[in-house]
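Asks: Next input, structure requested:
(2 chains)
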Protein chains: 2
Amino acid sequence: MPMLEDPIRTQRSSDAPLFGGIEGGGTKFVCVIGRGPDDLVAEERIPTTTPQATLSNTVEFFRTAAARVGTLAAIGVGSFGPVDLHEGSPTWGFITTTPKPGWEHTDVAGRLKRELGVPVAFDTDVNAAALGEARWGAARGLDSFVYLTVGTGIGGGGLLGGRPMHGLVHPEMGHVLLPRDRAADPFPGMCPFHGDCLEGLASGPALLARWGQSAESLPEGHPAWALEAHYLALAVVNFVCALSPQRIILGGGVMDQAHLFPLIRREVVALLNGYLRAGEILDRIDTYIVPPGLGNRSGRLGALAMAELLVRA
Amino acid sequence: MPMLEDPIRTQRSSDAPLFGGIEGGGTKFVCVIGRGPDDLVAEERIPTTTPQATLSNTVEFFRTAAARVGTLAAIGVGSFGPVDLHEGSPTWGFITTTPKPGWEHTDVAGRLKRELGVPVAFDTDVNAAALGEARWGAARGLDSFVYLTVGTGIGGGGLLGGRPMHGLVHPEMGHVLLPRDRAADPFPGMCPFHGDCLEGLASGPALLARWGQSAESLPEGHPAWALEAHYLALAVVNFVCALSPQRIILGGGVMDQAHLFPLIRREVVALLNGYLRAGEILDRIDTYIVPPGLGNRSGRLGALAMAELLVRA
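Replies: Reported below is the predicted structural model:
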């Protein structure tokens, strides 16, 4: 994947350009300035309240911090969505039809660009995280992989043929529909649109609603986890068949339960049943389905990588 | 999609280069020579028997036809699979672990290249068909779309970000797992690997096994069709959520039943339930889920387009 290979880490002098990264989430905007995971010079968490306050505070952080640490060459934004990613669209860089109150039709990238006077790259939060993993994490050297985050919601992104997944809108991997045994599991799911899609069955809030306990408080041997692994494995199988990724990274708060990984891997292999004769799946599933290499920092670091790519493009 | 835009059709003189295309299927190899859908100068159908006989006859066709109609600049092959698409792999251009007797580990592209002395492009049959649709058919101007063929088997391919879908192996879209109401439909499916995956439920042979009649002989109002449309709609929804394509083309023998299209479109819209706020789905579903623009010629013409791309790359 040529576009990610040229390593900026070989020139970590103070002459190397500084980039800004924003992980724009529903509860906070994490803003960073730096050159990579081992070379961050500033970081701040700004609560996500109204668009006006949040974006003002974000602009203010970059303006004042840059005055101290140096000029930024570009800023990357990985945003909650849905977002408009169509270059040339009048609403490129907007959060569009989000259910989050007050944030519908909010210009994010354009405003940052105007008020900070730097080039701005814009993508979904999960595509940003995927790019971070490609640049510095568990997807280095790969040009086709999926990053799935399992937390308050479930979302997916990734690179295919070296390019971030865009298309009609952007993937909404949390909303795939899966086989279910309703006799064994009568939980109706809680997606307001689809009921028992993947997100409706397996997000953090779905775990809480079904079992009355949060992911953090459910003990390791609890039957919740076998069922959670089952649904995630079915989704992984479908992404493998639909996309043929070279690796699947599973991140997000729910996947902090590391004991889920062996359960998911075993069931993916069983469900595929030898059909895909790839050593990565048959012999090396432990390195095929993996946690993020950057832990919970994939999003903000990926936003930084987006800024870097924008300048180098 | 810059790689497909430069139209060779503007120079249909006899000076324009000639290309070869091979649609390598399990029952026949359809070989064409020409410059596009309206400019084919030779075509032959060679039965798929042993690799030795089939490939010898294929080489012979191109050798003798080229002597009459002119030298070929390159040949493209869209092959049944699974195939090895990894450039640099020692088995690039091979059919690999196919269940088709005698065809396991068959060098296709390398042999054609050696014996015909021309550059050879190689991809899956469905990626070739997708490329044909991008070049001359229902996907002109799009850089991200899915082509799904529903026939003896079910397979999918397409372009994402302007590039054919490769990845770990290549997509195996026929093997996604779908929600089922086993009380309403107790058919166990007939995929030897997965039972009731999409192909196991909705391929031509599955229709025949379930209803005792082939797709061609089942009348339009038969309950088979509502169920068929239901499973195909579930799969389309999953591909839309996983890939965010700009269009979905449904081809193959089963989709010759044009009355399936309105059933599938209606159910896709109902299943997505307004979640994806794209006009293409909400307002223009008739142009979002469509038959191939090249009918049953997408594969052979796509192979021709692959040859053309190889020379122009």
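Asks: Now do the helices in chain A.
Replies: A:2-5, A:51-69, A:109-116, A:125-136, A:198-202, A:204-211, A:223-243, A:260-272, A:279-282, A:298-312 (DSSP state H).
Asks: hey, which of those helices is tucked in deepest?
Replies: Neighbour counts (mean count of other C-beta atoms under 10 Å in any protein chain shown) averaged over each of the helices of chain A peak at helix A:125-136, with a mean of 30. Glycine gets a C-beta too; all of them are placed from N, C-alpha and C.
Asks: Check whether it comes near chain B.
Replies: No - shown here: helix A:125-136 not in contact with chain B (C-beta under 8 Å from any C-beta of the partner chain), separated by at least 10.9 Å.
Asks: what do you get for stretch A:304-313?
Replies: No - applying C-beta under 8 Å from any C-beta, one finds stretch A:304-313 separated from chain B by no less than 14.2 Å.
Asks: B:Ile264: which of the helices of chain A is closest?
Replies: Set against B:Ile264 and scored by C-beta to C-beta, the helices of chain A come closest in helix A:223-243, at 17.3 Å.
Asks: Now do the contacts for the nearest residue to A:Arg68 once chain neighbours are set aside.
Replies: Nearest residue to A:Arg68 in three dimensions, chain neighbours excluded: A:Ala42, at 7.9 Å (C-beta to C-beta, 6 or more residues apart in numbering or on different chains). Neighbouring residues of A:Ala42 by C-beta atoms under 8 Å, 6 or more residues apart in numbering or on different chains: A:Cys31, A:Val32, A:Ile33, A:Gly34, A:Phe61, A:Ala65, A:Arg68, A:Val69.
Asks: For the first one, name its beta-bridge partners.
Replies: By that I understand A:Cys31. As for beta bridges, A:Cys31 partners with A:Ile22, A:Glu44 under DSSP bridges.
Asks: Got phi/psi on the residue lying farthest from the centre of chain A?
Replies: In chain A, A:Ala183 marks the outermost C-alpha relative to the chain mean, sitting 33.4 Å out by C-alpha atoms, centre = their mean. Dihedral angles of A:Ala183 (phi, psi; degrees, to the nearest 10) stand at phi -70, psi -40.
Asks: Quick check: A:Asn127 touching A:Gly157?
Replies: Yes - at 3.8 Å, A:Asn127 counts as touching A:Gly157 under the criterion of C-beta atoms under 8 Å.
Asks: shared neighbours, those two?
Replies: A:Pro164, A:Met165, A:His170.
Asks: Tell me which entries of these lie within strands.
Replies: Residues of the shared contacts of A:Asn127 and A:Gly157 located in strands (DSSP state E): A:Pro164.
Asks: so what pLDDT did the spatially closest residue to A:Arg210 that is not a sequence neighbour get?
Replies: Nearest non-adjacent residue to A:Arg210, counting by C-beta to C-beta, 6+ apart: A:Phe187, 4.9 Å away. We note a pLDDT of 97 for A:Phe187 in this prediction.
Asks: Ramachandran angles for A:Phe187?
Replies: Dihedral angles (degrees, to the nearest 10) for A:Phe187: phi -50, psi 130.
Asks: Show the contacting residues for it.
Replies: Counting by C-beta under 8 Å, 6+ apart, A:Phe187 has contacts A:Asp196, A:Leu201, A:Ala206, A:Ala209, A:Arg210.
Asks: try A:Ala138
Replies: Contacts of A:Ala138 (C-beta under 8 Å, 6+ apart): A:Arg247, A:Ile249, A:Val290, A:Pro291, A:Pro292, A:Gly293, A:Leu294.
Asks: which one of those is nearest A:Ile281?
Replies: Looking across the contacts of A:Ala138 and measuring by C-beta to C-beta, the closest to A:Ile281 is A:Arg247, at 10.6 Å.
Asks: these two touch, right, the closest one and A:Leu142?
Replies: Yes - A:Arg247 lies in contact with A:Leu142 (C-beta under 8 Å); the separation is 5.7 Å.
Asks: got the residues of the stretch 51-200 of chain A near chain B?
Replies: Neighbours of chain B within the stretch 51-200 of chain A, by C-beta under 8 Å from any C-beta: A:82, A:96-97, A:144, A:156, A:160-180, A:193-194.
Asks: Buried among these? Make that a PyMOL selection.
Replies: In PyMOL, a selection of the buried entries from those looks like this (16 or more other C-beta atoms under 10 Å in any protein chain shown):
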select buried, chain A and resi 82+97+144+156+160+161+163+164+165+166+167+168+169+170+171+172+173+174+175+176+177+178+179+180+193+194
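Asks: Tell me the confidence at the residue nearest the centre of chain A?
Replies: Centroid-nearest residue in chain A, with C-alpha atoms, centre = their mean: A:Val126, separated by 2.3 Å. If you check A:Val126, the pLDDT there is 96.
Asks: same deal with the one 3 residues further on?
Replies: What the model reports as pLDDT for A:Ala129 is 98.
Asks: Contacts only, for it.
Replies: A:Ala129 neighbours (C-beta under 8 Å, 6+ apart): A:Gly78, A:Tyr147, A:Thr149, A:Gly157, A:Gly251, A:Pro292, A:Ser298, A:Gly299, A:Gly302.
Asks: Just give the nearest non-adjacent residue to it, would you?
Replies: Using C-beta to C-beta, 6+ apart, the closest residue to A:Ala129 is A:Ser298 (3.8 Å).
Asks: what's near enough to touch the one you found?
Replies: Each residue near A:Ser298 by C-beta under 8 Å, 6+ apart is listed here: A:Ala128, A:Ala129, A:Ala130, A:Gly132, A:Glu133, A:Gly137, A:Tyr147, A:Gly251, A:Pro292.
Asks: likewise A:Asp84?
Replies: Shown in contact with A:Asp84 (C-beta under 8 Å, 6+ apart): A:Thr91, A:Trp92, A:Gly93, A:Phe94, A:Thr96.
Asks: Show me those residues that map onto strands.
Replies: Per DSSP E, the contacts of A:Asp84 map to strands at A:Phe94.
Asks: Only the buried subset of the contacts of A:Asp84, as a PyMOL command please.
Replies: Applying 16+ other C-beta under 10 Å to those, the buried members can be selected in PyMOL as follows:
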select buried, chain A and resi 93+94
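Asks: The contacts of A:Ser298 into TSV, with extra columns for distance to A:Arg312?
Replies: Putting the contacts of A:Ser298 into TSV (distance: C-beta to C-beta, whole Å) gives the following:
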residue	distance to A:Arg312
A:Ala128	17
A:Ala129	20
A:Ala130	18
A:Gly132	16
A:Glu133	18
A:Gly137	19
A:Tyr147	22
A:Gly251	26
A:Pro292	23
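Asks: Tell me how many other residues surround A:Asp181.
Replies: Look at A:Asp181: counted by other C-beta atoms under 10 Å in any protein chain shown, it has 10 neighbours.
Asks: still on that earlier bit, among the helices of chain A, where is the model least confident on average?
Replies: Lowest mean pLDDT within these: helix A:2-5, at a mean of 43.
Asks: For A:Tyr147, name its beta-bridge partners.
Replies: A:Gly157, A:Ile249.
Asks: okay but it is in contact with A:Asp125, surely?
Replies: No - between A:Tyr147 and A:Asp125 there is no contact under C-beta under 8 Å: 10.1 Å.
Asks: and the residue nearest to the centre of chain A, what does it touch?
Replies: A:Gly78, A:Tyr147, A:Leu148, A:Thr149, A:Gly155, A:Gly156, A:Gly157, A:Gly158, A:Pro171.
Asks: Kindly report the same for A:Asp185.
Replies: A:Asp185 makes contacts with A:Leu227, as judged by C-beta under 8 Å, 6+ apart.
Asks: cool, A:Val254 as well?
Replies: Taking C-beta under 8 Å, 6+ apart, one finds A:Val150, A:Gly151, A:Ala202, A:Ser203, A:Gly204, A:Leu207, A:Ala215, A:Glu228, A:Leu260 in contact with A:Val254.
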